[in-house]
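Novice: for reference, the sequence and a predicted model appear below.
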Amino acid sequence: MHADSVICGRDPGSQFVELAVEVFSMLADATRVRLILALREGERSVNDLAVFVDKSPAAVSQHLAKLRLGRFVATRQEGTRVFYRLENEHASQLVSDAIFQAEHSLGGTPRHHHTRTEPVR
């Protein structure tokens, strides 16, 4: 067996490094990041998401199709309506971490480092 030759996903030589870059490129769009933030609350229809991100349903559908291909989101159909949800918790965590990193670029103590009385959203 080749069990000893498997490289940890967090090792710089991992075969997953290129896939991680693809994940980042998929999220290199503000609308897609906003869609992931909206879906943290739970399942939503295209029209609900369009209102949330202030885009047309057609534009949102295109972004959701890309997120679906990247396995960030999954769907459920009810009649003619399609509902989207996050495929797993990693997309939400990745977006949260990116926002936390962005807060560091502003200088000072980022909001997520303050003592919390309520969860950071």
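Specialist: Great, that's in hand.
Novice: Thr75 in helix, strand or coil?
Specialist: Put simply, Thr75 is strand when judged by DSSP: H, G, I helix; E, B strand; the rest coil.
Novice: give me the local confidence score for it.
Specialist: pLDDT, Thr75: 97.
Novice: show me what it bridges to in the sheet.
Specialist: As for beta bridges, Thr75 partners with Tyr84 under DSSP bridges.
Novice: next, count neighbours for it.
Specialist: 13 (other Cβ atoms under 10 Å). For glycine as for every other residue, the C-beta is placed from the backbone atoms N, C-alpha and C.
Novice: then Ala91?
Specialist: When counting by other Cβ under 10 Å, one arrives at 25 neighbours for Ala91.
Novice: how far away is the closest residue to it other than its chain neighbours from Glu103?
Specialist: The shortest distance from Ala91 to any non-neighbouring residue, by Cβ to Cβ, 6 or more residues apart in numbering, is to Phe72 (4.6 Å). Computed with Cβ to Cβ, to the nearest Å, the distance linking Phe72 and Glu103 is 22 Å.
Novice: distance of the residue nearest to Ala91 relative to Ser61?
Specialist: Phe72 sits 15 Å away from Ser61, going by Cβ to Cβ.
Novice: tell me the gap between the helix ranked longest in the chain and the middle of its chain.
Specialist: Across the chain, the longest stretch assigned as helix under DSSP state H is helix 89-104. Put simply, helix 89-104 sits 9 Å off its chain's centre (Cα atoms, centre = their mean, to the nearest Å).
Novice: what residues sit buried inside it?
Specialist: 91, 94-96, 99, 103 (16 or more other Cβ atoms under 10 Å).
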